[in-house]
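Undergrad: Sequence and predicted structure are below.
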Amino acid sequence: MTRIELTVDGAKVVDDVEPRLLLVQYLREQLGKTGTVIGCDTASCGACTVHLDGHSVKSCNVLAVQADGAEVTTIEGIATNGELHPLQEAFRECHALQCGFCTPGMIMQSADLLAENPHPTEAQIREGLEGNLCRCTGYQNIVRAVRYAADATSATTDGGAA
Amino acid sequence: MIPAPFEYARPTSVDEALGLLAGSDDAKVLAGGQSLLSVLRMRLNAPELVVDIGRIDALRGIREVAGGGGAIEIGAMTPYHEILASDEIRTGLRLLHDAVAEVGDPQVRHRGTLGGSLAHADPAGDCGAVALALGAEMVIAGPGGERVVPADEFFQDLFTTAVGEDELLVAVRFPGYPGWGSRYEKFVRTAQDWPIIAVGACVRMADGKTISEARIGLTNMGPTPLRARAVEEALVGMTPTAEAVGAACAAVADGTSPPSDLNGDADYRRHLATVLARRAVLAAAGAA
Amino acid sequence: MTTTEEAPATAEAAHDGEIGRDRRRKEDRRLITGRTRWTDNIAPPGTLHLAMVRSPYAHANISGIDTRAAAQSPNVVAVLTGADLADTQGVLANAWPITPDQVAPEHKPIAVDRVAFAGEIVAVVVARSAATAADAAELVDVDYDPLPAALDLRAAADATPENGGAIAHPGLGTNNSARWIFDSGEAGTGGNVEDAIAAARTDGIVIEREYRQQRLIPAFMEPRSVVVDPTGEQITMWSATQIPHITRFLLAATTGVPESKIRVIAPDVGGGFGGKLQTTPEEWTAFAVARRLGKPVKYTETRSESLLAAHHGRDQWQKLTLAARADGTVTGLKVELLADLGAYVALVGGGVPVLGAFMYNAIYKFPAYRFDCRTVLTNKTWTDAYRGAGRPEATFAIERLMDELAVELGRDPLEVRRQNWITHDEFPFTTVAGLTYDSGDYESATAQAVDAFGYEDLRAEQARRRTEGDPVQLGIGISTFTEMCGLAPSRVLGSLDYGAGGWEHAEIRMLPTGKVEVVTGSSAHGQGHETAFSQIVADRLGVPFEDVEVLHGDTQVAPRGLDTYGSRSLTVGGEALALAADKVVAKAKPWAAHLLEASADDVEFAHGKFTVAGTSEAKTIQEIALAAFAAHDYPEGIEPSIDAEVTFDPVNFSFPHGTHLCAVEVDTETGAVRLRKYVCVDDVGTVINPLIVAGQVHGGLAQGIAQALWEEAVYDDAGTLLTGTLADYLVPSAADLISFDTAIRSTPATSNSLGAKGVGEAGTIASTPAVVNAVVDALRPYGVHDVEMPCTPARVWRAIQDGSAS
Amino acid sequence: MELTHEFTVPADVATTFAAFSRVESMAECFPGAEVTSVDGDAFTGSVKIKLGPIALTFNGEGEFTEKELAADGSSGRMVLSAKGKDRRGNGTAGAEAVVVLAPGGDAADGPTTDVEVTTDLQIGGKVASMGRGLVQEVSDKMLGRFTDCLEKKLT
């Protein structure tokens, strides 16, 4: 067992974990953060995407011990003060999900994408989501949702609301 | 699926890491983990000890080599996304930048590292051919201190490099290529898939008209990354027309032994190499 | 910024009607915030975890299983083999024996003496955590004596013990499971196809082709998971399934536990596409282990296990003969089909080709047709429904053939289709396969698609590229389609020996607060039932959309149902709900008349209100619900409730159709295929929620295009699945696809009062042939007339080399 | 999969045959192989395959099912069958190696023998299900090292 201390969705947590435990398993099984899901075993599908120190990672491809000291944000931690994250809002508005299993990872990766490039083109959105698989939507409305969120965010920023 | 149990150590210095490696006969070095963890999860390996070198600060960073004539040293544990964000690399080592941009997907590029990828030595990895083409030097630390191995001697076989079991790749040095043009041509079936093959080309033009020097690396055309030296030589002095470059590149697959798999057989790969090499060289020459 | 709650609609807004409205989905609130209930999130206290030991061999006798080391490892509770569970593990049923003499091996959830495919379960480890179960599973030592494996479909079909071919189940003596024939001459629905072919050979055109429908893997995003809790009076199973009701029935039927003692819950289910239309060895094993140990157990498969052992789809060889007159009028089609069942006859696996049998004539009115199919057992993963099930294969065949006919005639492929299709004034039209298409308008849909596509401009660009010898060639692919949706008429299913009916059940409970609880037997896994069904009920009852709560996916909450597959939810389940709503209104009417002191004949219902003609007197349906709850004052002779239940069984299938146009760019130097443009116009009848319909089309297109270009389950010559991870089984990402131009038209179906036709499979069915037609079209100048699916760059390049050489 | 390796050793067929037809000599040439017991032409043992990220240990058994040397030393043939399984249950391996010896051209310092080793290898289970057909590459690599070693035995 190895002692780890990290911040998950804003809360400090301390645990003893087996070194082999994957970050996603730690989130789900020990912290009950079941919003983050496991879709594959080869880091292909991106369903488990979370933010680790501000960058998107596939949490099935990171050991919990590697996240020691880090700040982790999951789909359960991106809404603020009861208000949805603009991407959560956009995914619903644009019908960017059907079964919803890929959605947490898709939203977390989209958030990373917009953080690096607030005004992406369609091609940039598609490339930015190349590591996330969805079997339901054909991606069309996901791409639309990311643009919608980008537009909504820039409208807010341009309006000086922030 | 969870990996089989292992002991875990997280050294904070290269010496500490080397000590751990020396003390175990079944240790595996964990760099960014983007290839290793899948293998451990599938239980195709179950080492006794995993040495996580992710917290050795000395292994991270991009710096100019003092007195190196524009040479750049990249710490082995520098993640891809930091390489991509570096202006120095984008302007000075464009080929590396472009190849790194093609690795995996954004999440993988946040965790994956240059050194981890080179030490893993997957023939389909994007960085090997580029390191070879750019004449990189690998800095390897071991019980006897550091040694420097040129890329030509680094890749020894499938998944096998000059890094011994008790050694660590600590940095990669790239000579500067001011004024060269480059292009990394990667051919995939789906965006995040491994390349069927890829060709990295780097070209220097004399007076903007003829090729004065060329360096070409091949990805997944054999058990190791390869350099297409005969084509490089044939290109020298050539005016880069499609016909001339195409004729020179027709021999690019000579002497290679590409794999056959579900994505295509060896003959198809040999053919693809000629097409991609032509395109890469023409683009590199145009951009020079 | 708004919250997740939909702003309550005003009464007026509700009156605008809910049908055809772009409602945001109710389901999304939980799915976008991670407050979901996937089966793998569920763990009753004390849950034990299962790991499956699976065969690495495609075919082998089991000569011994040593479980001692595994049983002794820490935190392991039990290690059980098929023999250990012999009397309690039950069997997996085939619910659709397509012929009375169908040959089918018995399918035990855990193999006992012999394994018949790589991935078959041979033992189960029960431990206190999933990790320790996985550790111990590695210690189970199984001795196998490998047997010859039947792997190649065509070879397996011809194998006999006498000719030394490998037999998938040696005890059966043959790999041929069933032969099923439809002949229009014999059925009286058309002429004799051999006559048509003979006539065409002397004075017309005969096109003969063989097409392979490669093996696909549904690859739903949520790996399958099952939790069984045997504590308490009932045994509760949570499972990532499309079919909780059918599962409960079959568990009871095969294990002897009374149905009333079994509760099956499908919580949030992460996609299915037919892949979760199965009763699985894993479910049966978990059920047996939980009963044996008296403890809750859980099994969640890894992705590699899912790709290996969850049922696969397609895998057919089609031998086709099309006869036409010299003027291009099609006179007959003969289909000889081999369908690979894999190692066992899955739940409805044997029937998949039969579902296609009625669709080979598609939208065309040719007069003679014969379909002759053999289903074949092999030592590979069993196959069953995958999005479209039978109908994509049929559509692919006829739409590829129509292109080939056009080439033979030297005419535009659109023209040849126009010449042969059923025109809108010919509906209802009884086809050569014996189905009666109730409605449709192929001309208008096609005209709209052609217009949106810019067909002429793209043809001009294609001609230019050809003339210039551009290394990147343009190809244009066309596919029309129709399908039979809404499985469905129970009598028809019975005539096909299907093991269940096709009805669906619905219940509406009018709560005293004025809210409405809706219960449906159709259990969703991503389709948006909660939203679409709320719209239907809100529309019929005139209540706010937000006030409708849809309950489903739990046999205790929704005891009657036949689940979700075959684009049946809306046309059957939705219609049941609409009729239940009508019944609520009918039951409420005497209450309204009574409370309004009017004659029932003078009471009218609209927009949620009962009014008396010519007065301002009114009672809302919510007021009547409260009155019925109180039951203080109501007419004699009726029950104090306006709740209603309906079991609906349609009289016919529904027949959505559409025209799809695809342009691809093919790099002739590398073989790379790039999607350039995709336009489709689908007629799905009445649209309840356009947003959901568009989403279904997009997703269907992606899956159909993926069959054309990327996906294939590949086995090596020993029966090992080589595409065993998502790094090798290539599911496309956003970066591989383009934005599609989709449009919807509506000629209402006549088989249900909603006019709905179904949309779940449309995109998948039409897109595969559209893309392959486009690829082949691009390469015609190189002498290419076919490229096997998936059209990988290597195959495309090889086709160019071979074509140019010939 | 069938993998073929050819080489020439500087010894006559009979000498080569004698050198190759012992279990021990075969085993010590196979990378990572360890023979735990020998009973005539049959043996049990393990093979540890370690290549880059992958490390698997196969336990198994094998035997020479054929050993024929022409009386005049003009040809030799032996068939070695082996099967094993990964100790973690992740893979199975079955191999039949046919070694054919034929006189080669005489070199300056004496006779040579041309050796052809054709191995029919079946790898099953999880190992074979992942990774771009890398199993074939890895197998070819291991057998290459094996035949290189055999070649050197007589050099």
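TA: Sure thing, it's come through. Because the structure is a prediction, the values reported are computed rather than measured. Residues are numbered from 1 along each chain as shown, chains lettered A, B, ... in the order given.

Undergrad: residue contacts, C:Thr480?
TA: Applying CB atoms under 8 Å, 6 or more residues apart in numbering or on different chains to C:Thr480 gives the contacts C:Ala362, C:Ile363, C:Glu399, C:Arg417, C:Trp421, C:Tyr442, C:Thr446, C:His657, C:Gly658, C:Thr659, C:His660, C:Ala766. C-beta: built from backbone N, CA, C; applies to glycine.

Undergrad: Does C:Gly608 touch C:Asp547 like I think?
TA: No: judged on CB atoms under 8 Å, C:Gly608 makes no contact with C:Asp547 at a distance of 10.1 Å.

Undergrad: tally of neighbours for the closest residue to B:Ser257 other than its chain neighbours?
TA: The shortest distance from B:Ser257 to any residue other than its chain neighbours is 4.8 Å, reached at B:Gly222 (CB to CB, 6 or more residues apart in numbering or on different chains). Residues lying near B:Gly222 (other CB atoms under 10 Å in any protein chain shown) number 21.

Undergrad: hang on, B:Gly222 packs against B:Pro258?
TA: Yes: applying CB under 8 Å as the test, B:Gly222 and B:Pro258 come out as touching, 6.1 Å apart.

Undergrad: Go through stretch C:322-330 and flag the buried ones.
TA: Using 16 or more other CB atoms under 10 Å in any protein chain shown as the test for burial, stretch C:322-330 gives C:Leu322, C:Ala323, C:Ala324, C:Gly328, C:Thr329, C:Val330.

Undergrad: for chain D, what are the nearby residues on the stretch 151-288 of chain B?
TA: Contact residues, the stretch 151-288 of chain B versus chain D (CB under 8 Å from any CB of the partner chain): B:Asp157, B:Leu158, B:Phe159, B:Thr160, B:Trp194, B:Pro223, B:Pro259, B:Ser260, B:Asp261, B:Leu262, B:Asn263.

Undergrad: Which pair in those has the greatest spatial separation?
TA: B:Thr160 and B:Leu262 (23.8 Å; CB to CB).

Undergrad: Looking at those two, which is more packed in?
TA: B:Leu262 (17 against 14).

Undergrad: Return the member of the residues of the stretch 151-288 of chain B next to chain D nearest to C:Leu151.
TA: Nearest member of these to C:Leu151, counting by CB to CB, is B:Leu262, at 16.1 Å.

Undergrad: Now the closest one. Its backbone dihedrals?
TA: With angles defined as degrees, to the nearest 10, B:Leu262 sits at phi -60, psi -20.

Undergrad: Narrow the residues of the stretch 151-288 of chain B next to chain D to those that are buried.
TA: Those of those that meet the buried threshold are B:Asp157, B:Leu158, B:Phe159, B:Trp194, B:Pro223, B:Pro259, B:Asp261, B:Leu262, B:Asn263, by 16+ other CB under 10 Å.

Undergrad: Just list whatever residues bridge to the first one.
TA: Translated: B:Asp157. Applying DSSP bridges to B:Asp157 gives these bridge partners: B:Thr160.

Undergrad: residues contacting it?
TA: B:Pro223, B:Thr224, D:Lys141.

Undergrad: distance of the last one from chain B?
TA: Read it as D:Lys141. 5 Å (CB to the nearest CB, to the nearest Å).

Undergrad: Tell me the one among the buried residues of stretch C:322-330 nearest to D:Met78.
TA: C:Leu322 (56.6 Å).

Undergrad: Could you look up the SS state of that closest one?
TA: strand (DSSP: H, G, I helix; E, B strand; the rest coil).

Undergrad: in chain D, what residue is nearest chain B?
TA: D:Gly52 (2.4 Å; CB to the nearest CB).

Undergrad: The closest residue in space to C:Phe358 that isn't next to it in sequence: how many residues sit nearby?
TA: Spatial nearest neighbour of C:Phe358, chain neighbours left out: C:Ala433 (4.3 Å); criterion: CB to CB, 6+ apart. Using other CB under 10 Å, C:Ala433 has 20 neighbouring residues.

Undergrad: follow-up on the earlier one: how about the buried residues of stretch C:322-330 in TSV, adding pLDDT and distance to C:Leu308?
TA: As requested, the buried residues of stretch C:322-330 are arranged in TSV below (pLDDT from 0 to 100; distance: CB to CB, whole Å):
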residue	pLDDT	distance to C:Leu308
C:Leu322	98	38
C:Ala323	98	43
C:Ala324	98	44
C:Gly328	98	47
C:Thr329	98	48
C:Val330	98	42
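
Undergrad: Tell me the one of the residues you listed nearest chain D?
TA: C:Leu322 (38.0 Å).

Undergrad: and the closest one, what does it touch?
TA: So C:Leu322 contacts C:Val206, C:Ile207, C:Glu208, C:Val330, C:Gly332, C:Leu333, C:Leu401, C:Glu404, C:Leu405 (CB under 8 Å, 6+ apart).

Undergrad: For the helix or strand harbouring B:Ala284, list every residue counted as buried.
TA: In this structure, B:Ala284 sits in helix B:266-287 according to DSSP states H and E. For helix B:266-287, a neighbour-count test (16+ other CB under 10 Å) marks B:266, B:268-285 as buried.

Undergrad: and what of stretch B:22-31?
TA: B:Ser24, B:Ala27, B:Lys28, B:Val29, B:Leu30, B:Ala31.

Undergrad: Considering these, which is situated nearest to chain A?
TA: Nearest to chain A, judged by CB to the nearest CB, of the buried residues of stretch B:22-31 is B:Leu30 at 7.8 Å.

Undergrad: which non-adjacent residue is nearest the residue in the stretch 51-200 of chain B positioned nearest to chain C?
TA: The nearest approach of the stretch 51-200 of chain B to chain C comes at B:Ala191, 3.5 Å away (CB to the nearest CB). Closest residue in space to B:Ala191, ignoring its immediate chain neighbours: C:Ala735 at 3.5 Å, by CB to CB, 6+ apart.

Undergrad: The residue nearest to B:Ser257 - that's part of a helix, no?
TA: No: B:Gly222: not assigned to a helix; according to three-state DSSP it is coil.

Undergrad: Tell me which residues touch it, please.
TA: So B:Gly222 contacts B:Pro123, B:Thr256, B:Ser257, B:Pro258 (CB under 8 Å, 6+ apart).

Undergrad: Can you say which of those residues are buried?
TA: B:Pro123, B:Thr256, B:Pro258.

Undergrad: contacts with chain C among these, please.
TA: Okay, of those, nothing touches chain C (CB under 8 Å from any CB).

Undergrad: Among the residues you listed, which lie within strands?
TA: If you go by DSSP state E, the buried ones among the contacts of B:Gly222 have nothing in strands.

Undergrad: Would you map the strands across chain D?
TA: Counting by DSSP E, the strands of chain D are D:2-9, D:33-39, D:42-51, D:54-69, D:76-86, D:92-103, D:113-124.

Undergrad: closest to chain A out of those strands?
TA: Of all these, it is strand D:54-69 that lies closest to chain A, at 14.2 Å by CB to the nearest CB.

Undergrad: what is the orientation angle of that closest one with strand D:113-124?
TA: Strand D:54-69 and strand D:113-124 are oriented at 130 degrees to each other (axes from the mean of the first three to the mean of the last three CA atoms, to 10 degrees).

Undergrad: looking at it, A:Ser56 is touching B:Gln107, isn't it?
TA: Yes: contact criterion CB under 8 Å: A:Ser56 and B:Gln107 qualify, at 5.0 Å.

Undergrad: Would you map out the domains in chain C?
TA: Chain C breaks down into these domains under automatic domain parsing: C:440-484+C:654-806, C:503-648.

Undergrad: Those residues of chain A touching chain B, which are they?
TA: Checking chain A against chain B by CB under 8 Å from any CB, the hits are A:2, A:18-22, A:25, A:41-44, A:46, A:49, A:52, A:55-58, A:60-63, A:65-66, A:68, A:109, A:112-113, A:127-128, A:130-132.

Undergrad: Please consider this matter closed, and thank you.
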